[in-house]
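A.B. asks: this one's sequence-less:
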């Protein structure tokens, strides 16, 4: 996984910006319920009155309120209010009656007396009510029954009441007001302040409208800010995920390009394709989810809990219950579904393998009329994948409705309990609405985490599969700089010294004690029965595999001690199966490097006998080549593969049975051209046909991984039984006798029994 983490390092600055934007979004989302609560509580219920201390109050009302203030609060109130001038247009009543307004210093010192003054105003308003039915329900029944003279209220009576009775009344009043929370205190005081404002001449409707518009405007601005933060965070998340995916695809491709045959044998082609496409795409999707939700959800969850703890509603146990149930659901889902998540990617590999095999071998399948067999094989892989995905889908189909039931049930429970608390006077409507929103935010945070948790196991499997490719130790690597060797010169001298080889993890040797020298300007050919090790020998020169014992030297340097790039720069390789890449004929022939000119390309095509069919093409060298060269014949594909190696003009040419698809005429013309044009290069040819190699300077005969004959065609006919048998299987006895006579072998010539 550390390999994957390294790919993430370049995107850390973008991730930090995304986190800041998500924090801004979370702050905005957590602030919106407060604004809504203020609009409901203050803007609607309290008519825009924000404080328990009025902005202005009549002198008589203020005097009555002072009766219920302790000395410290009384001093603060007297310092906070100043008499309004008679000509003050804001308070028309000041012309006829004393009106006191809150000073600037008083507003700054509001905390010192607001609560005490609010309680006093509630008491004044309650005791002055002429109709008991108008009294607030909160604690009014606790007041002592006092018989008053007609026209006298309790406030006036308190001034002349005996001290014992007065103390009893004040004690009960304090009990009533002390039970109120700050929010309920302001709400209760607001109704008396509103009545006071009406008497003074303050426009209550304008006050309320201004407050709602101010708070609503703030909500709108905050919503726009949240929208910008969401868009930018989503954009950054997408860019990070896409960039990470690009880097992973690049690293996987680069790693696979450095694989030797041993590593390619470990991973199937279908699996490598799935890993570099489907798996990386799944990681990209997971990254977007992680950035958008896994970072955002905890901020929202923790912030929501913090906000809930500071609301007036005492229903946190509901949230704890809901979160516990959701965690239980997620836990059960993990236990049941996690093993299936791990199987999905391997099943996708099997589907891709079946599809790839069917497409690659479609002609063979049709030739053997085996379509039904291949359909059954694909259907088995497809059914296994479908069953697993359906099982996971059913789990998901059950989880999210359950989550919704928990969420909606929580909402109903909050509304039910909140309504009873509102009726009892212990909770405001706005506080209940804010609590409900915070609860939904907390639950949605857990819902987001649960949704990510569903994807996480699949992404984890994909990440492990990608990491498995990236951390694969290469069996063929360049030697350390201090041990590297340089080529003695540009000759093309190839030497095998007591070379033995066995495949990784194999017990038996494929090649044993192979020794020969291939000189520049000469053709060295390899022949032998199928499985004798011919291709294996030449694959050791460009280090497609590394030898187990002995030495392979090129121009005096051990091929293991020079860099692979330098080594392969000196080799022109033509594989057994002609392989072309999508593009044009020109792009394929110039595949060996940018230094290849048009003249080099045309010359190579002439030598490879490819010009006749290239000239027949409408676009000639610009003719399009399909992937794998499927739009040209096998012989044309092989000639273009040969021309590609020739255009590179290396010191050593390796032809791995590269003439098998050529007719005898083309084969002969090609070999003649090679002898003429490549006289100074080293040619290594693997062939099945004796006719292709009989003019080679030396022929090496292999049998079961050992050299059983080495020499010219004539020498081998004379003293190598294996070569004789191969020759007899391809040439008639008369042809062999004629060749022997022509070369003076006489009676030693072989003949058919």
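C.D. replies: Thanks, I have the structure now. Predicted model, so just to flag it, every value in this text is computed and none were measured.
A.B. asks: can you pull out the strands in the stretch 1-150 of the chain?
C.D. replies: Assigned by DSSP state E, counting those that start in this stretch, the stretch 1-150 of the chain shows strands spanning 56-58, 81-83, 99-102.
A.B. asks: what's the offset of the last one from the middle of its chain?
C.D. replies: Right, the one you point to is strand 99-102. 64 Å (CA atoms, centre = their mean, to the nearest Å).
A.B. asks: okay, the strands of the stretch 1-150 of the chain in TSV with mean pLDDT and distance to residue 453 next?
C.D. replies: C-beta: built from backbone N, CA, C; applies to glycine. Formatted as TSV, the strands of the stretch 1-150 of the chain follow (pLDDT from 0 to 100; distance: least, CB to CB, whole Å):
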stretch	mean pLDDT	distance to residue 453
strand 56-58	88	58
strand 81-83	89	59
strand 99-102	88	55
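A.B. asks: is it possible to export these to CSV including distance to residue 458 and mean neighbour count?
C.D. replies: Putting these into CSV (distance: least, CB to CB, whole Å; neighbours: other CB atoms under 10 Å) gives the following:
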stretch, distance to residue 458, mean neighbour count
strand 56-58, 66, 23
strand 81-83, 68, 16
strand 99-102, 63, 22
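A.B. asks: shaky segments in the stretch 51-200 of the chain?
C.D. replies: Scanning the stretch 51-200 of the chain with the threshold set as pLDDT under 70 gives 128-163, 165-167, 169-170, 172-183.
A.B. asks: where exactly do the helices run in the stretch 151-300 of the chain?
C.D. replies: In the stretch 151-300 of the chain, the helices defined using DSSP state H, counting those that start in this stretch lie at 154-160, 163-178, 182-200, 204-257, 261-266, 269-274, 280-289, 296-309.
A.B. asks: relative to residue 382, which of the strands of the stretch 1-150 of the chain is closest?
C.D. replies: Nearest to residue 382 among the strands of the stretch 1-150 of the chain is strand 99-102 (78.6 Å), distances taken as CB to CB.
A.B. asks: list the contacts of the closest one.
C.D. replies: For strand 99-102, the external contacting residues (CB atoms under 8 Å, 6 or more residues apart in numbering) are 53-59, 62, 80-84, 88, 91, 93, 200.
A.B. asks: at 10 Å what do you get?
C.D. replies: Where contact means CB atoms under 10 Å, 6 or more residues apart in numbering, the residues beyond strand 99-102 that reach it are 51, 53-59, 61-63, 77-78, 80-86, 88, 90-94, 106, 109-110, 196, 199-201.
A.B. asks: thinking again about what came up before, any chance of the strands of the stretch 1-150 of the chain in a markdown table, plus distance to residue 400?
C.D. replies: Output for those, formatted as a markdown table (distance: least, CB to CB, whole Å):
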| stretch | distance to residue 400 |
| --- | --- |
| strand 56-58 | 56 |
| strand 81-83 | 59 |
| strand 99-102 | 54 |
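A.B. asks: what's the neighbour count on residue 192?
C.D. replies: Using other CB atoms under 10 Å, residue 192 is surrounded by 25 other residues.
A.B. asks: surely it meets residue 126?
C.D. replies: Yes: here residue 192 reaches residue 126: they are 8.4 Å apart, a contact under CB atoms under 10 Å.
A.B. asks: tell me the contacts of the residue most central in space within the chain?
C.D. replies: With distances taken as CA atoms, centre = their mean, residue 284 lies nearest the centre of the chain, 2.3 Å away. With contact set as CB under 10 Å, 6+ apart, residue 284 has these partners: 238, 240-246, 248-249, 459, 462.
A.B. asks: if we can go back for a sec, wait, which of the helices of the stretch 151-300 of the chain is closest to residue 472?
C.D. replies: helix 261-266 (5.8 Å).
A.B. asks: walk me through the domains of this structure.
C.D. replies: 2-32+214-470, 56-201, 518-547+559-748 (automatic domain parsing).
A.B. asks: distance between the ends of the shortest one?
C.D. replies: What it means is domain 56-201. Domain 56-201 has an end-to-end distance of 10 Å (criterion: CA to CA, to the nearest Å).
A.B. asks: TSV for the domains of the chain, including distance to residue 509?
C.D. replies: Formatted as TSV, these follow (distance: least, CB to CB, whole Å):
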stretch	distance to residue 509
domain 2-32+214-470	16
domain 56-201	89
domain 518-547+559-748	6
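A.B. asks: between these, which has the poorest average model confidence?
C.D. replies: With a mean of 74, domain 56-201 has the lowest mean pLDDT of the domains of the chain.
A.B. asks: what's the nearest residue to residue 88 if we skip its chain neighbours?
C.D. replies: residue 94 (5.3 Å; CB to CB, 6 or more residues apart in numbering).
A.B. asks: so the one you found sits against residue 83, correct?
C.D. replies: Yes: between residue 94 and residue 83 there is a contact under CB under 10 Å: 8.4 Å.
A.B. asks: between those two, what contacts are shared?
C.D. replies: Here residue 94 and residue 83 have 59, 100-101 as joint contacts, going by CB under 10 Å, 6+ apart.
A.B. asks: closest to residue 26 among those?
C.D. replies: Nearest to residue 26 among these, with distances taken as CB to CB, is residue 101, at 40.9 Å.
A.B. asks: now the closest one: how far from residue 56?
C.D. replies: Per CB to CB, to the nearest Å, residue 101 is found 5 Å from residue 56.
A.B. asks: quick check: neighbours shared by these two?
C.D. replies: Contact criterion CB under 10 Å, 6+ apart; residues shared by residue 101 and residue 56: 81, 84, 88, 90-91, 94, 200.
A.B. asks: so for residue 46, which of the domains of the chain sits nearest?
C.D. replies: That would be, of those and by CB to CB, domain 56-201, which comes in at 3.8 Å.
A.B. asks: out of the strands of the stretch 1-150 of the chain, which is closest to residue 69?
C.D. replies: Of all those, strand 81-83 sits nearest to residue 69, with 12.2 Å by CB to CB.
A.B. asks: helices of the stretch 451-600 of the chain, start to end?
C.D. replies: So, for the stretch 451-600 of the chain - with DSSP H, counting those that start in this stretch - the helices run 534-539, 564-569, 585-589, 598-607.
A.B. asks: returning to what we had before: of all the domains of the chain, which lies closest to residue 501?
C.D. replies: That would be domain 518-547+559-748 among those, by CB to CB, at 5.2 Å.
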